[in-house]
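*Asks:* next input, structure requested:
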Amino acid sequence: MGELTQVLGRIDRDGDTVAVVFDRHYPTTPDDLWQACTDPERLARWFAPVSGDLRPGGRFTIHFDDADTPSCRVVTCEAPARLVWEWPVRDVPSLVTVEISEDGQGSRLVLRHERLAAGQAAGYAAGWDTYVRALDAHVAGAPGPEWDATWSALHELYAEDA
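*Replies:* Numbering: from 1, shown residues only. Purely as a prediction, here's the structure:
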């Protein structure tokens, strides 16, 4: 991996809370990108294994390598355009929104993770940035980035902005 010098996302601030936002183009159809972002088998290839009830109102668990994140809840699922889920972070659930649209030469993904405390911004931004890079690779049929090295380098870059 070459030295990382650029982040793919941004940190938006609103008072005491922040959101991390990614706006990316993918050279694939909206339906294929939707499947990559919602099918448990494909999610496990670039994000993490997911299990549970993935319908609106359903609860699911994200199985990360270092720990599980249980009690996520699907708020909205409007295939193939919009998925919103609550991600428990401390006492207040954060909110993840994935929007997919056609952009003329493929698809556009806008991912927004909001309701984060300011002190969490750099870590979540680096995490999502690493996953977005893994999704880029997944869609292209290429190997994804090495998690620890990529996250560490990106965390430093986002921390400069946080």
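*Asks:* leaving out the residues flanking it, which one is nearest to Thr69?
*Replies:* With sequence-adjacent residues excluded and distances taken as CB to CB, 6 or more residues apart in numbering, Thr69 is closest to Ile62, at 4.3 Å. C-betas here are computed from N, CA, C, even on glycine.
*Asks:* count the neighbours of that neighbour for me.
*Replies:* 18 (other CB atoms under 10 Å).
*Asks:* for my notes, confirm it occurs in a helix.
*Replies:* No - under DSSP: H, G, I helix; E, B strand; the rest coil, Ile62 sits outside any helix and is assigned strand.
*Asks:* I'd say it and Ala44 touch.
*Replies:* No - between Ile62 and Ala44 there is no contact under CB atoms under 8 Å: 10.3 Å.
*Asks:* which neighbours do those two share?
*Replies:* Common contacts of Ile62 and Ala44 (CB atoms under 8 Å, 6 or more residues apart in numbering): Val50.
*Asks:* quickly note the distance from the residue nearest the centre of the chain to Ala121.
*Replies:* For the chain, the residue nearest the mean C-alpha position is Trp128 (4.6 Å; CA atoms, centre = their mean). Separation of Trp128 from Ala121 (CB to CB, to the nearest Å): 11 Å.
*Asks:* common neighbours of these two, please.
*Replies:* With CB under 8 Å, 6+ apart, Trp128 and Ala121 have common neighbours Val20.
*Asks:* strands of this protein, residue ranges please.
*Replies:* 9-14, 17-26, 50-52, 59-63, 68-78, 82-89, 92-102, 107-117 (DSSP state E).
*Asks:* tell me which strands and helices the second one is in contact with?
*Replies:* Contacts of strand 17-26 with other secondary structure elements, assessed using 3 or more CB pairs under 8 Å, 6 or more residues apart in numbering; DSSP states H and E, are made with strand 9-14, strand 107-117, helix 121-140.
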